[in-house]
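**Student:** let's see this in three dimensions:
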Amino acid sequence: MATDDDKRLAAEAAVAEARDGMLVGLGTGTTAAHAIAALARRVADGLRVEAVATSAATATAARAAGIVVRDFAEIAALDLTIDGADEIDPRLYAIKGAGGAMLREKTVAAASRRMVVIADGSKRVAAIGAARLPVEVLPFARASVVAALERLGAAVTVRVGYMTDNGNVVADCRFPAMPDPRALAAEIAAIPGALGHGLFLDEVDAAYIAADGVVTRLERDGPSD
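**Tutor:** Reported below is the predicted structural model:
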């Protein structure tokens, strides 16, 4: 089965968790786009939900699909967030941010009672660390943050001509190894001017991963199937 079909199946499984009256966070990227489409179909069938978008692109797509989108600045808590991942492992540690929205995605996830990741089988790994790790950087501090990331062992590439919805730049980091993601997350968070990173270590409650047409659900606390 094509990867895109697996993404769609994972998205449909996650969107099945949405219930009337929920406020749903919507992620950013190609996989999250399938969640928008799946949720829009349920809304068209009568599901009453509202959404918060993690990027301007997601907000535009969701509204175009008939989903009511609210301003997260006015929202204290959400019921459910559905988002993709660049890598996810059995601990439900994830790397996110290929689409550049990881700071907003993490903020929305932290405000959610439940965060669900959707992915195709290629994103499931034994341990995260091979994917590039994006870091959102204050432009004023670009050179000093890059130097600090390099001292942590990263090969750093700043995305050329790219700016996040927050007006910041993104530094993509390749680490030769990531034996302790929690320690690395703390070290990056301690760099002045590093505003956010793509390590999601506590936010993910469950994952729907589809491979060859079969969807597997992983739960942080409880049985998986």
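**Student:** quick one: the helices in the chain?
**Tutor:** 3-15, 30-44, 56-64, 102-110, 142-151, 181-189 (DSSP state H).
**Student:** return the most buried member of those.
**Tutor:** Stretch with highest mean neighbour count among these: helix 102-110 (a mean of 23; mean count of other CB atoms under 10 Å). Every residue, glycine included, has its C-beta placed from N, CA and C.
**Student:** and the closest residue to Ala56 other than its chain neighbours, how many neighbours does it have?
**Tutor:** Spatially, and ignoring its direct neighbours in sequence, Ala56 is nearest to Asp165 (5.3 Å; CB to CB, 6 or more residues apart in numbering). Asp165: 17 surrounding residues under other CB atoms under 10 Å.
**Student:** and Asp165, what is it in contact with?
**Tutor:** Contacts for Asp165 (CB atoms under 8 Å, 6 or more residues apart in numbering) come out as 55-56, 101, 104.
**Student:** could you dump the helices of the chain to JSON lines with mean pLDDT and distance to Gly161?
**Tutor:** Formatted as JSON lines, the helices of the chain follow (pLDDT from 0 to 100; distance: least, CB to CB, whole Å):
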{"stretch": "helix 3-15", "mean pLDDT": "96", "distance to Gly161": "27"}
{"stretch": "helix 30-44", "mean pLDDT": "96", "distance to Gly161": "20"}
{"stretch": "helix 56-64", "mean pLDDT": "97", "distance to Gly161": "16"}
{"stretch": "helix 102-110", "mean pLDDT": "98", "distance to Gly161": "19"}
{"stretch": "helix 142-151", "mean pLDDT": "98", "distance to Gly161": "14"}
{"stretch": "helix 181-189", "mean pLDDT": "98", "distance to Gly161": "23"}
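**Student:** that'll do, ta.
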